[in-house]
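*Asks:* Here's my sequence, what's the structure:
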Amino acid sequence: MIMLKPILIFFFGLIVFQTARAQLSKPPKGSSLYYLSYTGEIADDKKGADHILLIMPLDSSSGKKLYPINEYYPNGKPKLIANSSSKIYNKLVFEGICVEFYNNGTKKSIINYENGELIGNVTLYYPNSKLYANENYDRSGQVKLIESRDSIGNILCEKGNGKWIKYLNNFKTELEEGIVKDSLEDGEWHEHYFPAEDYTTVYSKGKIISSTDPERPIGEVIYNYNNLDILPEYKGGMLYFYRFLGMTIHYPNDAKINNIQGKVLITFLVKKDGALTDIKVLKSPDKILSDEALRVVKLSLPWISGSHGGKPVLVQYTVPISFTLSSDR
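*Replies:* Residues are numbered from 1 along each chain as shown. Next up, the predicted model:
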C-alpha cells in the first residue's frame, strides 16, 4: 500500500502526457488548435510558440454549455486544464475549476471561476509540488490570505495570521514580505524591485496608509486583474498594445553590441481614469533594457480602466516585454 500513491500518480501523469500527444498530433473533430506567443498573438508555427491552445467541441455534460480548454507547453506537457463559455481563443471566459501546471509537470494552481471572475478558494504550489499558499477571493474583490508555507513545508501563516512572502518568476525572486492579520495585510511590508529599489508600505486591514514609494496610492484597495468584471486594457486591445511596443521600442545600441537580450517584466497601476502610475521593473536581464521598456510603457496611452461590481477600480497589471536579437544581425 505504501507504493500505491506514487504508482497511481505515475500512471495518471503518463495518461495525461499520452493524451496530450495524441490531441496535439491529431486534434479531435470540431476542435481548434492555436500556436500562441507569450503576448497572445498567433505564432507562425509550433517552434515560435510559447504555448499551444486546444479548444475542444462544446460539452453540455455538466449542465452548462462549455468548451473544454487544454493548453500545452511546446514539449507537450500540460499547461492548463479548464472550461470556457467562449471559444474565441483570445477571449476565453473561464467557468469552474481551472488547473495550471509548471513546465516540469507539477501543479501550479487550482482556481475556481464564475463567468470569468476568480471566486472562492485558490490553492498555489511551489515548483517542487509543495503547497505555497491558500487564498480566498470574495465577491467584493477582497483577497483573503489564509495559509502560507515555505518551500520545504514549514507553516509561515496559519488561519489568516502570520508572515507572508510574495514571489516572482516561479519563486526565483522574493518581491514582497510582511505580516498578515485576520487574513489581510497589516503593518509594514517590504517591497523589492529591480535592480535595487526597495520600499516600505504600511497597511491597516488590507488598505495602504503610508508608503516610501511616492506613487503608491493611499487609502485605496488595489485589485488583482484575476478578480475583475472587466480587465484593464490598452485602447484597441492588448494585441494593439504589443504592436505599439514593436513600433516604438528602439533596441539600445549598447545592448546590441554586448548581445544583451531577454524579457523585461513591467508592473504598473491602471487608475480609474485609465492613466498609468507606479510603473516599475520586476525583472530584467539588464538596466539598459529596463530603461527602454519603462520609456515605451510610459508612452502607451490611453488605457481603459478595469472594473469590479460595475465601477472603475485601481488595478495592478503586469506585462512582459521581449527583446530579441536576430541571429543574422
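
*Asks:* residue ranges for the strands of the stretch 201-329 of the chain, please.
*Replies:* 207-211, 222-224, 233-234, 262-270, 276-283, 303-304, 306-308, 311-323 (DSSP state E, counting those that start in this stretch).

*Asks:* Could you do the stretch 51-200 of the chain as well?
*Replies:* Using DSSP E, counting those that start in this stretch, the strands assigned to the stretch 51-200 of the chain run over residues 51-55, 67-72, 78-84, 96-101, 107-114, 117-125, 131-137, 143-149, 155-158, 161-168, 173-181, 184-193, 197-204.

*Asks:* quick revisit: switch the strands of the stretch 201-329 of the chain over to TSV; also include mean neighbour count and distance to Asn134.
*Replies:* Where C-beta positions appear, they are placed from N, C-alpha and C, glycine not excepted. Formatted as TSV, the strands of the stretch 201-329 of the chain follow (neighbours: other Cβ atoms under 10 Å; distance: least, Cβ to Cβ, whole Å):
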stretch	mean neighbour count	distance to Asn134
strand 207-211	16	22
strand 222-224	18	15
strand 233-234	20	30
strand 262-270	20	24
strand 276-283	18	24
strand 303-304	18	32
strand 306-308	20	22
strand 311-323	18	20
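
*Asks:* Identify whichever of those strands lies nearest to Glu188.
*Replies:* Among those, the nearest to Glu188 by Cβ to Cβ is strand 207-211 (9.6 Å).

*Asks:* how far off strand 184-193 does the closest one point, in degrees?
*Replies:* 40 degrees (axes from the mean of the first three to the mean of the last three Cα atoms, to 10 degrees).

*Asks:* Show me how far strand 207-211 is from its chain's centre.
*Replies:* For strand 207-211, the separation from the chain centroid amounts to 24 Å (computed by Cα atoms, centre = their mean, to the nearest Å).

*Asks:* try stretch 78-91
*Replies:* 15 Å.

*Asks:* Same check on stretch 160-179?
*Replies:* The answer for stretch 160-179 is 15 Å, by Cα atoms, centre = their mean.

*Asks:* Let me see the mean pLDDT of that stretch.
*Replies:* The pLDDT scores in stretch 160-179 average 91.

*Asks:* List the buried residues in that stretch.
*Replies:* Gly160, Trp164, Ile165, Tyr167, Leu168, Leu175, Glu176, Glu177, Gly178, Ile179 (16 or more other Cβ atoms under 10 Å).

*Asks:* low-scoring pLDDT stretches of the stretch 151-300 of the chain, where are they?
*Replies:* By pLDDT under 70, the low-scoring segments of the stretch 151-300 of the chain are 226.

*Asks:* residues in contact with stretch 280-297?
*Replies:* 168-169, 173, 175, 193-195, 197, 244-245, 248-252, 254-255, 260-268, 276, 279, 318-319, 321, 323 (Cβ atoms under 8 Å, 6 or more residues apart in numbering).

*Asks:* what would the strands of the stretch 201-329 of the chain look like in JSON lines with distance to Ile69?
*Replies:* Shown next, in JSON lines, are the strands of the stretch 201-329 of the chain (distance: least, Cβ to Cβ, whole Å):
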{"stretch": "strand 207-211", "distance to Ile69": "35"}
{"stretch": "strand 222-224", "distance to Ile69": "21"}
{"stretch": "strand 233-234", "distance to Ile69": "21"}
{"stretch": "strand 262-270", "distance to Ile69": "25"}
{"stretch": "strand 276-283", "distance to Ile69": "27"}
{"stretch": "strand 303-304", "distance to Ile69": "25"}
{"stretch": "strand 306-308", "distance to Ile69": "23"}
{"stretch": "strand 311-323", "distance to Ile69": "21"}
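
*Asks:* For Tyr72, find the nearest of the ones you listed.
*Replies:* Closest approach to Tyr72 among these is made by strand 311-323 (19.4 Å; Cβ to Cβ).

*Asks:* That closest one packs against which elements?
*Replies:* Applying 3 or more Cβ pairs under 8 Å, 6 or more residues apart in numbering; DSSP states H and E, we find strand 311-323 packed against strand 222-224, strand 262-270, helix 287-299, strand 306-308.

*Asks:* who touches Lys29 in this structure?
*Replies:* Pro57.

*Asks:* repeat that with 7 Å
*Replies:* With Cβ atoms under 7 Å, 6 or more residues apart in numbering as the criterion, no residue contacts Lys29.

*Asks:* Give me the three-state assignment for it.
*Replies:* Assigned by DSSP: H, G, I helix; E, B strand; the rest coil, the conformation of Lys29 is coil.

*Asks:* Determine which two of the buried residues of stretch 160-179 are furthest apart.
*Replies:* Across the buried residues of stretch 160-179, no pair lies farther apart than Gly160 and Leu168, at 23.3 Å, counting by Cβ to Cβ.

*Asks:* what pairs with the residue nearest to Phe101 when sequence neighbours are not counted across the strands?
*Replies:* Once flanking residues are discounted, Phe101 sits nearest to Pro78: 5.1 Å by Cβ to Cβ, 6 or more residues apart in numbering. Assessed by DSSP bridges, Pro78 has beta-bridge partners Tyr72.
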